[in-house]
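fold the following.
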Amino acid sequence: MTTTPLTLLSEDDVMLRQSVARFAEARIRPFVHDMDRDAKMRPEIVKECFELGLMGIEVPEAYGGSEMSIFSAVLVIEELAKVDPSVSVLVDVQNTLVDNLMNRWASELLKQKYLTQLTSHVVGAYCLSEPSSGSDAFALQTRAADKGDHWELNGSKMWITNGGEAGLFAVFANIDLDAGYKGITCFLVERDTPGFTVGKKEDKLGIRASSTTELVFEGCKIPKENVVGPVGKGYKIAIETLNEGRIGIGAQMVGLAEGALDAAMKYIVERKQFGQPIAQFQGVQFQFAQMATDIEAARLMVYNAARLKDARQPFVREAAMAKLFASQVAERVSSRAVELFGGVGFSKEYPAEKYYRDSKIGAIYEGTSNMQLNTIAKMMLSEYA
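Next up, the predicted model:
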């Protein structure tokens with residue numbers, strides 16, 4: 001169910017949305033249950049995402065990308081999440097984090113070598129979190145030592161999305177622990193690099209088909225030219241990349257909520273109790289009307305943040321608000337969807353319980369809800385100071 005006024009979308013936007021919706025229905029939905037059960041993404045779905053140009057949406061055509069906007073990426077992420085939030089986050093991380101980082105900060109040499117791969121066949125992973133570094137993202141302990149003709153990485157990463165499928169990893173490590181965040185630097189690591197291992201895959205509550213892994217670096221040698229951006233400026237790269245990433249997560253949560261409501265509506269207009277469809281009872285109508293209203297508000301907040309970003313206007317506060325609110329809406333709506341399904345909503349035979357499980361991650365990754373509130377509050381205080 002999509003209620004967005006078409007006047008908000010260009011003809012190209014409408015065509016993009018329809019194209020992705022058809023792909024999601026035909027090529028993803030038949031496999032959603034099995035991928036969730038097996039906690040494994042089907043390789044052919046990843047391959048088709050590349051073939052459709054969904055893995056390089058904002059990347060210039062010179063590097064094989066579609067040269068579109070963050071707003072276009074938001075539409076794609078939202079449509080995919082309606083069917084499967086796991087596929088949605090695969091595409092989201094590729095575009096709003098990895099491609100974004102490469103497009104803005106990588107040297108021309110790295111763009112020619114790696115960005116062309118990221119738009120055509122190589123999945124990327126964004127590697128910031130560590131066992132002792134979550135919300136305090138810059139308390140990194142992974143070390144990078146200058147060995148003259150190369151860098152050597154030692155340490156580990158946790159909670160890395162796309163770790164199971166990725167062929168290229170953007171890894172944040174510290175060249176000087178005493179310097180704190182000023183020592184953080186971003187390195188590109190290929191999957192088959194000696195000294196680098198993709199470790200344990202997490203067994204998760206939701207978005208199970210999306211791989212989340214540990215990474216281990218033991219004397220991992222990285223070529224000098226594989227540094228992204230200036231040495232010691234990784235903190236700036238990480239902050240600015242994550243700001244855009246939050247818009248993508250907001251879009252994922254909006255799509256998830258839409259998918260949950262759509263599934264519930266299809267059920268309640270057919271399910272009869274006391275001689276009529278349960279959708280005819282006023283108490284039920286109030287519930288799905290509120291769900292639709294919340295989704296529309298969240299969608300417009302996400303779209304607004306994306307439009308501001310595309311217009312090169314300040315958008316950090318709006319992105320934080322959109323991510324915060326959309327994740328709250330996704331959890332509320334998917335929870336209510338389970339209830340509208342009644343007893344079968346608690347079973348895996350119907351999709352409601354999966355949307356509910358998938359929704360919980362929205363309040364956690366790419367900045368917890370408390371961190372979004374912190375960002376919003378700080379920016380408000382600076383305006384009133």
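
now the helices for the protein?
Ranges of helices in the chain, per DSSP state H, are 11-23, 32-38, 43-51, 70-83, 85-92, 100-105, 108-110, 116-118, 234-268, 282-310, 316-341, 352-359, 369-384.

quick check: angle from the longest one to helix 85-92?
The reference is to helix 234-268. Put simply, helix 234-268 runs at 150 degrees to helix 85-92, going by axes from the mean of the first three to the mean of the last three CA atoms, to 10 degrees.

how about helix 234-268: buried residues?
For helix 234-268, burial by neighbour count (16 or more other CB atoms under 10 Å) applies to 234-235, 237-238, 241-265, 267-268. C-beta here means a position set from N, CA and C on the backbone, and glycine is covered the same way.

run the chain-centre distance for it.
7 Å (CA atoms, centre = their mean, to the nearest Å).

state the mean pLDDT of it.
Confidence for helix 234-268, expressed as mean pLDDT, is 97.

what angle do that helix and helix 352-359 make?
Between helix 234-268 and helix 352-359, the angle comes out at 170 degrees (the same axes, to 10 degrees).

what helices or strands is helix 234-268 leaning on?
helix 70-83, helix 85-92, helix 100-105, strand 168-174, strand 184-190, helix 282-310, helix 316-341, helix 352-359 (3 or more CB pairs under 8 Å, 6 or more residues apart in numbering; DSSP states H and E).

so which elements touch the shortest one?
This means helix 100-105. Looks like helix 100-105 contacts strand 227-228, helix 234-268 (3+ CB pairs under 8 Å, 6+ apart).

quick one: these as JSON lines, columns for distance to Arg37 too.
Converted to JSON lines, the helices and strands packed on helix 100-105 look like this (distance: least, CB to CB, whole Å):
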{"stretch": "strand 227-228", "distance to Arg37": "37"}
{"stretch": "helix 234-268", "distance to Arg37": "18"}
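
how about those, which one is nearest Glu67?
Among the helices and strands packed on helix 100-105, the nearest to Glu67 by CB to CB is helix 234-268 (16.3 Å).

could you give the angle of that closest one to helix 369-384?
Using the same axes, to 10 degrees, helix 234-268 lies at 120 degrees relative to helix 369-384.

I figured Leu115 hits Asn103, correct?
Yes - with contact defined as CB atoms under 8 Å, Leu115 counts as touching Asn103 (6.9 Å).

so for those two, which residue has more residues nearby?
Remark: of Leu115 and Asn103, Leu115 carries more neighbours, 26 against 18, as counted by other CB atoms under 10 Å.

contacting residues around the more buried one?
Gly56, Val59, Tyr63, Gly64, Gly65, Asp99, Met102, Asn103, Ala106 (CB atoms under 8 Å, 6 or more residues apart in numbering).

gap between it and Met102?
According to CB to CB, to the nearest Å, Leu115 stands 5 Å off from Met102.

please apply the same query to Glu318.
Taken as CB to CB, the span from Glu318 to Met102 is 24 Å.

would you turn the helices of the chain into JSON lines with distance to Ala145?
Listed next are those as JSON lines, based on distance: least, CB to CB, whole Å:
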{"stretch": "helix 11-23", "distance to Ala145": "44"}
{"stretch": "helix 32-38", "distance to Ala145": "40"}
{"stretch": "helix 43-51", "distance to Ala145": "34"}
{"stretch": "helix 70-83", "distance to Ala145": "36"}
{"stretch": "helix 85-92", "distance to Ala145": "33"}
{"stretch": "helix 100-105", "distance to Ala145": "22"}
{"stretch": "helix 108-110", "distance to Ala145": "21"}
{"stretch": "helix 116-118", "distance to Ala145": "27"}
{"stretch": "helix 234-268", "distance to Ala145": "15"}
{"stretch": "helix 282-310", "distance to Ala145": "36"}
{"stretch": "helix 316-341", "distance to Ala145": "33"}
{"stretch": "helix 352-359", "distance to Ala145": "40"}
{"stretch": "helix 369-384", "distance to Ala145": "30"}
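
looking at the ones you listed, spot the one closest to Trp159.
Closest approach to Trp159 among those is made by helix 85-92 (12.4 Å; CB to CB).

mean confidence for the closest one?
98.

pull the distance from that helix to the chain's centre.
The chain centroid and the centroid of helix 85-92 are separated by 6 Å, computed with CA atoms, centre = their mean.

what's the answer for stretch 257-276, then?
Taking mean C-alpha positions (CA atoms, centre = their mean), stretch 257-276 and its chain are 28 Å apart.

ok, now stretch 16-36?
Taking mean C-alpha positions (CA atoms, centre = their mean), stretch 16-36 and its chain are 17 Å apart.

and stretch 54-68, by the same measure?
With CA atoms, centre = their mean, you get 18 Å for stretch 54-68.

excluding chain neighbours, what is closest to Tyr126?
Leu97 (4.0 Å; CB to CB, 6 or more residues apart in numbering).

same question but for Leu118, I mixed them up
Using CB to CB, 6+ apart, the nearest residue to Leu118 is Gly124, at 5.3 Å.

one more: Ser120?
Closest to Ser120 by CB to CB, 6+ apart is Gly64, at 5.3 Å.

pLDDT score for that neighbour?
Value for Gly64, per-residue pLDDT: 97.

got it, and Gly134?
83.

these two touch, right, Glu270 and Pro277?
Yes - using CB under 8 Å as the test, Glu270 is close enough to Pro277 to be in contact (6.6 Å).

those two: who's more crowded?
The neighbour comparison of Glu270 against Pro277 (other CB under 10 Å) goes to Pro277, with 14 against 10.

number of residues surrounding the nearest residue to that one once chain neighbours are set aside?
Using CB to CB, 6+ apart and skipping residues adjacent in sequence, the residue nearest Pro277 is Val269, 5.4 Å away. Counted with other CB under 10 Å, residues neighbouring Val269 total 12.
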